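Visitor: show me the folded form of this:
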Amino acid sequence: MLSPPFPDDVPTHPLLVIDYQLLQEGDAAEIERLWEAARKLGFWYLKNHGVEEEASRMFEMGEETMRLPLEEKMKYEQGDDGRSFGYKAAGSSAVDASGQHDTMEFINVSKDDALAYPNIVHRAYPSTVNERMESTISPFVTKSVHVNDTILEIFNDKLGLPKGTLTRLHSKTEYSGSEARTTKNPPGYAPDRMAIGAHTDFGSLSFLHNRLGGLQVLPPGYTEWQYVKPIPGHAICNVGDALSLFSGGILRSNLHRVLPPPGPQSHLDRWSLVFFTRPGNSIVLRALVEDSPLIAEAVRNTPGKNFEPGETAKEWFARRVKYQRLNNRVGPESWKTSRGTENE
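Guide: Predicted coordinates for the structure are as follows:
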């Protein structure tokens, strides 16, 4: 069934459309356009990425999982200790400093678990996940890793880093917080009710597949949030905090949030799918000033920024997940503790 079109009477922010096929071919002009998008806003559309079929099957897996009884899903809940993998029930996390709860549920599957299946690396998952692990989840994860690794290699060269630096920081041989997430946000909420509060992403690169609107960005210099219009066949990609820190702020990790779909789409369940690439657990998050004169100069030119938070990728990620959970909330300071680069 076709969904109603995205309305044309809401403010949207144009994103550059990047052709992944041209990136793979080493097209210099397309690489420059990607570099521009990553520095100015940190968001872009990606077409010809070759993951549409796998994404469709992931949405099917998500629907099968969300149809399970809540009691069954809660056996695999992510918990309150800062672990992300597993099921997250709607209303278990805050969306802002006031402690208003979120409205979405999702299932996170670790990259490590998907690629090691049937061996368990981090945790067990619902039956609907296990039944799809080899046919659906592992192929989606494998292709998504390849897409994001290709982009990381381009950024590595543009940042003047020694060849393979960013690949090493995201090594396939080290466990990490990288994961695939399928999210459901039900209808029935006010148009301005946040499903996910304003945030920057935890990791390095996000590879997002949306069927409906709802994603908003706050571009630099803007005071009003702008919708990102979903385009069929196009993923939405963005830079996260880890990559922004590694680059000394050259690559932008931009604020974004999720609201209910606007206009005639508002009565539908909103589904989204994303693969998050995150650094290896032991990697210390800091600007790579010793490896790149370009990054060293960027850090010198922004003396008010902290590019050495003093945490490993695992510690950074766990802290942010943990203090969004309402069960860990003490007050507004809990929200602040859960923040990343947007808190500076």
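Visitor: any regions of the chain where pLDDT drops low?
Guide: Low-confidence segments of the chain, defined by pLDDT under 70: 1-2, 343-344.
Visitor: and the helices in it?
Guide: Along the chain, counting by DSSP state H, helices occupy 20-24, 28-40, 52-66, 70-73, 111-116, 127-130, 138-158, 165-169, 241-246, 293-300, 313-322, 332-337.
Visitor: residue contacts, the closest residue to residue 96 other than its chain neighbours?
Guide: Leaving out its chain neighbours, the residue that sits closest to residue 96 by CB to CB, 6 or more residues apart in numbering is residue 197, at 4.9 Å. Placement of C-beta: from N, CA and C, glycine included. Contacts here follow CB atoms under 8 Å, 6 or more residues apart in numbering; on that basis residue 197 touches 94, 95, 96, 102, 257.
Visitor: ok, the last one to residue 220 distance?
Guide: To tie it back to what came earlier, the one meant is residue 257. Relative to residue 220, residue 257 is positioned 16 Å away (CB to CB, to the nearest Å).
Visitor: just the fourth one next, same as before
Guide: Between residue 102 and residue 220 the distance, using CB to CB, works out to 26 Å.
Visitor: between these two, which has more neighbouring residues?
Guide: Higher neighbour count among residue 102 and residue 220: residue 102, with 24 against 11, using other CB atoms under 10 Å.
Visitor: can you report phi and psi for that one?
Guide: Per-residue torsions, residue 102: phi -80, psi 170 (degrees, to the nearest 10).
Visitor: tell me if I'm right that residue 107 and residue 59 touch.
Guide: No. No contact is recorded between residue 107 and residue 59 when judged using CB atoms under 8 Å, the distance being 11.6 Å.
Visitor: could you export stretch 319-334 as CSV, CA atoms only?
Guide: Taking C-alpha atoms only, stretch 319-334 is exported to CSV below (Å, rounded to 0.1, in the frame of the first residue of the first chain):
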residue,chain,number,x,y,z
ARG,A,319,27.4,6.8,29.5
ARG,A,320,25.1,8.4,26.9
VAL,A,321,22.8,5.4,26.7
LYS,A,322,22.7,4.9,30.5
TYR,A,323,21.7,8.4,31.5
GLN,A,324,18.9,8.7,28.9
ARG,A,325,17.1,5.9,30.6
LEU,A,326,14.4,7.2,32.9
ASN,A,327,15.2,4.6,35.6
ASN,A,328,18.6,6.3,36.0
ARG,A,329,17.2,9.9,36.0
VAL,A,330,17.9,12.0,39.0
GLY,A,331,17.1,15.4,37.5
PRO,A,332,18.0,17.7,34.6
GLU,A,333,21.6,16.8,35.2
SER,A,334,21.0,13.3,34.1
